[in-house]
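Novice: got a sequence here, can you model it:
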Amino acid sequence: MAGLTRTAGAFAVTPHKISVCILLQLYAPSAQMSLPFPFSSISQHNRLGLYLLSLTKSCDDIFEPKLEDLINQLREVGEDMDAWLTDHLTNRFSSLTSPDDLLNFFNDMRGILGSLDSGAAQDDQIILDPNSNLGMFVRRCILAFNLLSFEGVCHLFTSIEVYCREAHSSSAQYDESNDNLESLIQHDQMDMEKYIMDKATEEIELQKNASGRVPFHLHTPEALFKVTEGLLVTRKEKSRTNTKKAEATQLACASSSTVDDTLVDESLFLRTNYQIQGFLMEQADAIETHGSSLSSSSIESFLQKLQNLAPELHRVHFLRYLNKLHSDDYFAALENLLRYFDYSAGTEGFDLVLPSTGCSMYGRYEIALLCLGMMHFRFGHPNLALEVLTEAVRVSQQHSNDTCLAYTLAAMSNLLSEMGIASTTSVLGSSYSPVTSTASLLSVQQRVYILLKESLRRADTLKLRRLVASNHLAMAKFELMHVQRPLLSFGPKASVRHKTCPVSVCKEIRLGAHLLSDFSAESSTMTIDGSLSSVWLKDLQKPWGQPVFSQESGSRKSSTFFQFCDHLVSIPGSVSQIIGASYLLRATSWELYGSAPMARMNTLVYAALFGDSSSSSDAELAYLKLIQHLALYKGYKDAFAALKIAEEKFLTVSKSKILLLKLQLLHEHALHRGNLKLAQRMCNELGGLASTTMGVDMELKVEASLREARTLLAAKQYSQAANVAHSLFCTCHKFNLQIEKASVLLLLAEIHKKSGNAVLGLPYALASISFCQSFNLDLLKASATLTLAELWLGLGSNHAKRALDLLHGAFPMILGHGGLELRARAYIFEANCYLSDPSFSVSTDSDTVLDSLRQASEELQALEYHELAAEAFYLMAMVYDKVGQLEEREEAATLFKMHITALENPQDEEPNMA
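Specialist: Residues are numbered from 1 along each chain as shown. Okay, the predicted model is just below:
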């Protein structure tokens, strides 16, 4: 019964694959076939080739399309020749009247393949390269058919009958070949199907009695289809579904299917373990992509049913682990992860290349340690994660698993760079000699650099393109955040250059983006090309020109179904995510360097090109950047409107980026309006979200402390604000947060400026400028220069010209890239400098001062910054009074009083976010 008992991962001939072979005969007819060339142009012929390429890549999908679906697709891809394609397809099926015809058909298929000595081919003959994707598909079909026994060929023939009968019952395309189909149906009298199914049942019983269990690939699919039939929705049914169907419904809708499959149909399309593995990989990608936005309970229910149907399908435990991981359920995630590796030894469905020797008897222990370390990393246990990953390095070296070693080194570098670990001397031990040989001399950042370099070297040697790209992006982020220093920085040849290099950052980002051109060279034991191709075909059903970050829509226009010919290559989701991450990193680098337009442009490019394929965390980050840009350059009204849209798209769960952004905007808005109680409450909520474990959530901890110090500064509690800022600077120094140190130093300068101690504030401002120069933080440097100028002016009016010169030096950067608040501060300070200068005459050059104050007042209106707005209108009233414009003076005085009143009596209600 070779036609039924297929081994796990076997390639089996099905009626759908025979349909593809027939179309391949039309695409590249052999010399013996007298077929006309119906294509009106080369592009039309290439269009069919692209379609066939996508079909061959999706040949291992769980659900194969029916003949009716295939004909509907041909009507769209074929354009004016669709009738010729469908007629030839149906007539060719009608000619298969016996199993012997199947044998002749596959013998003819050999003629479309070329060979090394095919020099005698005709000039206009199209020959498939046997090593191409299409050629490999044909060779696999021929080999799989040759391996069939006679019963298997008869079973395949019966499957073709049912395959054609379904299309005949629901389509008018078979009217012309009705007589031929009736000749096929006559073979039902042989009762071949009943004979084959009886033999299959008998063999299942024999295997069950011998081993006590039934192989998964022989399970009756009736129960399995009850679980997964909700996933099988035809294109016509999709057009009638709701446009906002959630992804969780696609995973776990067990009883909502409208597919009308008979018992005979289900028994004829048994699914192999290989196909089920591909399906589970797609679900794992969906869980990792959408994260906590999916319904954890519905996914768990679906996976539980699947596990009950096939207990030996151990990868279900891994999906349950991913589901619990993204649901922040530590104990359930740990339990399912241990179950997965206990039951399968990690050999089922992992996208890592097996080592050549030394690992078969141990299973995949090193991969289990890698997953366990990453789980501890996600749940905020950095020291425990580092210990587990160190053990994974040792086991990988012992088992010569270079691939796992490369991934583990990358995970360790990511852990050390993301989590705040001040020292690793007691954790790393002696597992990895390049790191620990100079342990007493290297800082954490230098160890991160060594780990990244070593992981990059190994990944490049092993041709792990995705890991190479990820490491290049990690290297770019490292060079963006850290100054390159020699490992042993002493002696006459020691480097004196202590600056970051934007060129190196750009180079690493570009090298990471090169993955788009060479990702196909990576070898993998579980990379299913068909899964990416099927996803590609599904994505092509989406209408073109969708809005940025649009919701998944179940309604598709048939006219846009096959516009995939404009795509040059199908890109896997993981590759698309890495390329998208490179644009987000570009946006981050431009933010730090101070170019707001470039940061916004790269974020919009990411949103437009990679929004649909991005992970939920990356999509959240893109939303966060765009909303922050609106708050800085357009005001809070637009920012809160965009935040409302983001909250509808993403679940506001604990520690989500959208929730953090909301708290930050509310805190900033409350400070500008003078509502210190609300600002303090937002600070407390930010601090409550941070983990109590030292070193975890360092970015969140720094943000909460910065905002607490700014709140105390607004409340004029200068000593307490200085203490918080000093403590924060010590923390940043301990964990080597260099860029954050520049911001803290600037905050200390602001505190001393407002407390009236300008002399004490000057060293902090100068130190902040020095840090900004080292890290090329141009916009932050301009802000620090403005603070330095204000401190000089605070020393007395005789320093007004020096302060004005400093301001004018920073003006191009402030006016070109600064936000509303920074520009308004600069305009007001310029007016103060002119008014403080004894040599400046207000009566003769009042427009110079008034123009600056008008610009400041307009920009402060959008921010509702009452304190600065009151200062601007106060200065305007003074200038109008000196020049004798009494009406304008009264108007400015009224506005000054209005802002002072609003500042002294802040409104308690929060902005309407509902």
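Novice: my guess is Leu793 contacts His799. True?
Specialist: Yes: counting by CB atoms under 8 Å, Leu793 does reach His799; the two are 6.0 Å apart. C-betas here are computed from N, CA, C, even on glycine.
Novice: so between these two, which is more surrounded?
Specialist: Leu793 (24 against 18; other CB atoms under 10 Å).
Novice: contacts only, for the closest residue to the more buried one other than its chain neighbours.
Specialist: For Leu793, ignoring the flanking residues on the chain, the nearest one in space by CB to CB, 6 or more residues apart in numbering is Ala803 at 4.2 Å. By CB atoms under 8 Å, 6 or more residues apart in numbering, the residues touching Ala803 are 789-790, 792-793, 829, 833.
Novice: what about the helices in the stretch 601-750 of the chain?
Specialist: Chain-ordered helices for the stretch 601-750 of the chain, with DSSP state H, counting those that start in this stretch as the definition, fall at 616-633, 636-649, 657-673, 676-689, 698-714, 718-734, 738-754.
Novice: pLDDT score for the closest residue to Leu886 other than its chain neighbours?
Specialist: The shortest distance from Leu886 to any non-neighbouring residue, by CB to CB, 6+ apart, is to Tyr880 (7.5 Å). In this model, Tyr880 is scored at 92, pLDDT.
Novice: burial count for Tyr880?
Specialist: Tyr880 has 20 neighbours, counted by other CB under 10 Å.
Novice: number the chain from 44, please
Specialist: Sure thing, new numbering starts at 44, so read that last one as Tyr923.
Novice: before we move on, the earlier item: do you know how far the residue nearest to Leu836 is from Leu791?
Specialist: 19 Å (CB to CB, to the nearest Å).
Novice: and Gly178, by the same measure?
Specialist: 69 Å.
Novice: please identify which of those two sits among more neighbours.
Specialist: Leu791 (24 against 19).
Novice: how about that one: what's its closest non-neighbour residue?
Specialist: Leu791 sits nearest to Tyr807 (CB to CB, 6+ apart), 4.3 Å away.
Novice: whichever strand or helix holds that neighbour - contacts with which helices or strands?
Specialist: In this assignment (DSSP states H and E), Tyr807 forms part of helix 801-818. Here helix 801-818 is seen to pack against helix 781-797, helix 821-837 when contacts are counted using 3 or more CB pairs under 8 Å, 6 or more residues apart in numbering; DSSP states H and E.
Novice: redo the ones you listed as CSV? Include distance to Ala512.
Specialist: CSV is the format used below for the helices and strands packed on helix 801-818 (distance: least, CB to CB, whole Å):
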stretch, distance to Ala512
helix 781-797, 25
helix 821-837, 28
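Novice: could those helices go into JSON lines alongside distance to Tyr761 and mean pLDDT?
Specialist: Output for these, formatted as JSON lines (distance: least, CB to CB, whole Å; pLDDT from 0 to 100):
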{"stretch": "helix 781-797", "distance to Tyr761": "6", "mean pLDDT": "94"}
{"stretch": "helix 821-837", "distance to Tyr761": "14", "mean pLDDT": "94"}
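Novice: quick one: closest of these to Gln898.
Specialist: Smallest distance to Gln898 across those (CB to CB): 15.2 Å, for helix 821-837.
Novice: other SSEs contacting the closest one?
Specialist: Partner elements for helix 821-837 (3+ CB pairs under 8 Å, 6+ apart): helix 616-636, helix 781-797, helix 801-818, helix 843-860, helix 863-879.
Novice: pretty sure Tyr666 sits against Glu691.
Specialist: No: counting by CB under 8 Å, Tyr666 sits too far from Glu691 to count as a contact (11.1 Å).
Novice: of those two, who's got more company?
Specialist: Under the neighbour definition other CB under 10 Å, Tyr666 and Glu691 were set side by side, and Tyr666 has more, 25 against 10.
Novice: run a quick neighbour tally on the closest residue to that one other than its chain neighbours.
Specialist: Excluding the flanking residues, the one nearest Tyr666 by CB to CB, 6+ apart is Ala689, at 4.6 Å. When neighbours are counted by other CB under 10 Å, Ala689 registers 21.
Novice: give the contact list for Ala689.
Specialist: Ala689 touches 663, 666, 670, 701, 704, counting by CB under 8 Å, 6+ apart.
Novice: need the nearest residue in space to the third one, chain neighbours excluded.
Specialist: It refers to Ile670. Counting by CB to CB, 6+ apart, Ile670 lies nearest to Ala685, which is 4.8 Å off, once chain neighbours are set aside.
Novice: so what's the residue count around His198?
Specialist: When neighbours are counted by other CB under 10 Å, His198 registers 25.
Novice: does it count as helix, strand or coil?
Specialist: Of the three states, His198 takes helix under DSSP: H, G, I helix; E, B strand; the rest coil.
Novice: now it: how far from Ala905?
Specialist: Distance from His198 to Ala905, counting by CB to CB: 73 Å.
Novice: show me which residues of whichever strand or helix holds Gly195 are buried.
Specialist: Per DSSP H and E: Gly195 is located in helix 193-213. Within helix 193-213, the residues that qualify as buried are 194-211, counting by 16 or more other CB atoms under 10 Å.
Novice: now do it: which elements does it pack against?
Specialist: For helix 193-213, the elements it packs on are helix 58-70, helix 110-120, helix 125-137, helix 142-152, helix 221-228, helix 235-254, helix 306-311, judged by 3+ CB pairs under 8 Å, 6+ apart.
Novice: using CSV, write out every CA atom in that helix.
Specialist: Output in CSV follows, covering the C-alpha atoms of helix 193-213 (Å, rounded to 0.1, in the frame of the first residue of the first chain):
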residue,chain,number,x,y,z
PHE,A,193,-0.1,-0.8,-8.6
GLU,A,194,-2.6,-0.2,-5.8
GLY,A,195,-1.1,3.3,-5.3
VAL,A,196,-1.5,4.1,-9.0
CYS,A,197,-5.1,2.9,-8.8
HIS,A,198,-5.7,5.0,-5.8
LEU,A,199,-4.2,8.0,-7.5
PHE,A,200,-6.5,7.4,-10.5
THR,A,201,-9.5,7.2,-8.3
SER,A,202,-8.5,10.5,-6.7
ILE,A,203,-8.3,12.1,-10.1
GLU,A,204,-11.9,11.0,-10.8
VAL,A,205,-13.2,12.6,-7.6
TYR,A,206,-11.0,15.7,-8.3
CYS,A,207,-12.6,16.1,-11.7
ARG,A,208,-16.1,15.2,-10.5
GLU,A,209,-16.0,18.0,-7.9
ALA,A,210,-15.1,20.6,-10.5
HIS,A,211,-17.8,19.2,-12.9
SER,A,212,-20.5,19.5,-10.3
SER,A,213,-19.8,23.2,-9.5
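Novice: angle of it against helix 125-137?
Specialist: Orientation note: helix 193-213 sits at an angle of 140 degrees relative to helix 125-137 (axes from the mean of the first three to the mean of the last three CA atoms, to 10 degrees).
Novice: relative to helix 110-120, how tilted is helix 193-213?
Specialist: Relative orientation of helix 193-213 and helix 110-120, computed by the same axes, to 10 degrees: 60 degrees.
Novice: show me where the stretch 744-893 of the chain dips below the pLDDT cut-off.
Specialist: Of all residues in the stretch 744-893 of the chain, none has pLDDT under 70.
Novice: nope, the stretch 594-743 of the chain is what I meant
Specialist: In the stretch 594-743 of the chain (pLDDT under 70), the answer is 594-615, 694-698, 736-738.
Novice: can we see that at 90?
Specialist: Along the stretch 594-743 of the chain, the parts satisfying pLDDT under 90 run over 594-624, 635, 637-639, 650-663, 688-703, 729-743.
Novice: cool, the stretch 444-593 of the chain as well?
Specialist: Along the stretch 444-593 of the chain, segments meeting pLDDT under 90 span 444-448, 453-499, 502-503, 505-513, 517, 520-593.
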